[in-house]
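> Got a sequence here, can you model it:
(one chain, ligands or ions: 2)
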Amino acid sequence: MVKQGPRPLVICGPSGSGKSTLLKKLFKEFPDTFGFSVSHTTRKPRPGEENGIHYHFVSVEEMQAAIEKGEFIETAVFSGNMYGTSKKAVENVQHNGKVCVLDIEIEGVKQIRNSERLNPLLVFVNPPSIEELERRLRGRQTETEESLQKRLNTARIEIDYGTTPGNFDVVVQNNTLTQAYDDLRDFIVRELETQQNQDVFCVTSLVSNYKSFEV
Ligand SMILES: Nc1nc2c(ncn2[C@@H]2O[C@H](COP(=O)(O)OP(=O)(O)O)[C@@H](O)[C@H]2O)c(=O)[nH]1
Ligand SMILES: Nc1ncnc2c1ncn2[C@@H]1O[C@H](COP(=O)(O)OP(=O)(O)O)[C@@H](O)[C@H]1O
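Ligands and ions are numbered 1, 2, ... in the order given. Now for the predicted structure:
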């Protein structure tokens with residue numbers, strides 16, 4: 001594991017809160033700066049999801065074997081499926097000098113939040129309300145009724161934890177996408193500039209890119 005370099009960015013939030021949508025915009029705006037930590041999961045791929053890009057889709061047996069071999073930094077069960085971040089997923093991004101972005105749920109966050117080695121920045125994406133979260137999740141058309149209900153039940157606990165002061169470095173309120181993305185980008189750019197000023201690493205690509213957006 002690489003110890004020095006930019007702090008990994010952890011994005012957490014209830015299913016349907018907008019994590020993937022916000023990250024897609026971030027990767028599009030800064031293609032050279034960020035790299036996605038590709039998690040393992042036992043859930044089935046959705047239409048359009050590619051193995052090795054969105055997730056490493058594995059069987060329960062494969063996941064358990066990998067856990068026993070100590071391949072994961074953290075693992076969790078979410079809505080009946082297993083998820084985990086492998087050491088390799090993070091290393092792959094860090095070895096390329098990029099800021100590693102992890103999209104994980106709160107049990108995983110709890111496992112890594114105090115890791116000195118990772119030293120992650122924690123972002124919580126908060127939906128406007130449970131009712132709006134449900135509308136957005138239904139609108140996405142990826143879930144069965146059962147999986148939707150499981151996600152909404154978990155969402156209440158996640159929102160409680162996520163909005164408790166001190167649990168995250170920032171809470172991004174996802175009311176409108178434009179405002180939420182601006183808030184996320186501002187937080188990240190400020191953080192990376194701080195790290196750069198402390199000579200932790202160089203984020204030329206991010207800063208020059210960002211400045212060109214300001215003019
Ligand atoms: N702990 C942990 N959670 C993960 C990991 N990968 C994804 N998740 C989380 O698992 C939850 C479900 O993800 P997914 O099945 O893609 O559904 P979605 O969030 O509704 O798009 C989300 O909260 C993700 O952030 C992982 O490697 N570890
Ligand atoms: N600010 C927003 N306003 C309206 N719809 C949104 C907003 N943000 C995200 N969505 C929609 O809500 C759904 C869930 O977002 P998604 O990014 O898939 O959430 P997550 O990755 O957190 O599960 C998607 O259909 C997305 O297009």
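
> SS state for V125?
When the structure is reduced to helix, strand and coil (DSSP: H, G, I helix; E, B strand; the rest coil), V125 reads as strand.

> ah, wrong one, I meant V101
For V101, the secondary structure call by three-state DSSP comes out as strand.

> Tally up the residues packed near it, please.
By the other C-beta atoms under 10 Å criterion, the neighbourhood of V101 contains 22 residues. In short, each C-beta sits where N, CA and C put it, glycine included.

> cool, and V171?
Residues near V171, counting by other C-beta under 10 Å: 20.

> Please identify the helix or strand for it.
strand 170-173 (DSSP states H and E).

> what does that strand contact?
Applying C-beta atoms under 8 Å, 6 or more residues apart in numbering, the set of residues contacting strand 170-173 from outside is 22, 122-126, 128, 162-163, 179-180, 183-184, 187.

> Show me which residues of this protein sit near ligand 1.
With the criterion set to C-beta under 6 Å from any ligand atom, the chain comes near ligand 1 through 15-16, 20, 39, 43, 74, 76, 78, 83-85, 103-105, 107-108.

> on that earlier part again, can you tell if the strand holding V171 touches ligand 2?
No: for strand 170-173 and ligand 2, the contact criterion (C-beta under 6 Å from any ligand atom) is not met; the two come no nearer than 9.6 Å.

> what pLDDT, on average, does that strand get?
Rounded to a whole number, the mean pLDDT of strand 170-173 is 98.

> Render the CA-only coordinates of it in PDB, please.
Output of strand 170-173 as PDB, limited to C-alpha atoms (Å, rounded to 0.1, in the frame of the first residue of the first chain):
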ATOM      1  CA  VAL A 170     -18.600  17.400   4.700                       C
ATOM      2  CA  VAL A 171     -22.300  16.800   4.100                       C
ATOM      3  CA  VAL A 172     -23.300  17.600   0.500                       C
ATOM      4  CA  GLN A 173     -27.000  18.300   0.300                       C
END
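
> partner residues bridging the most centrally placed residue in the chain?
Nearest residue to the geometric centre of the chain (C-alpha atoms, centre = their mean): D103, 2.0 Å. Taking DSSP bridges as the rule, D103 bridges to I11.

> doesn't T21 make contact with it?
No: here D103 does not reach T21: they are 11.2 Å apart, not a contact under C-beta atoms under 8 Å.
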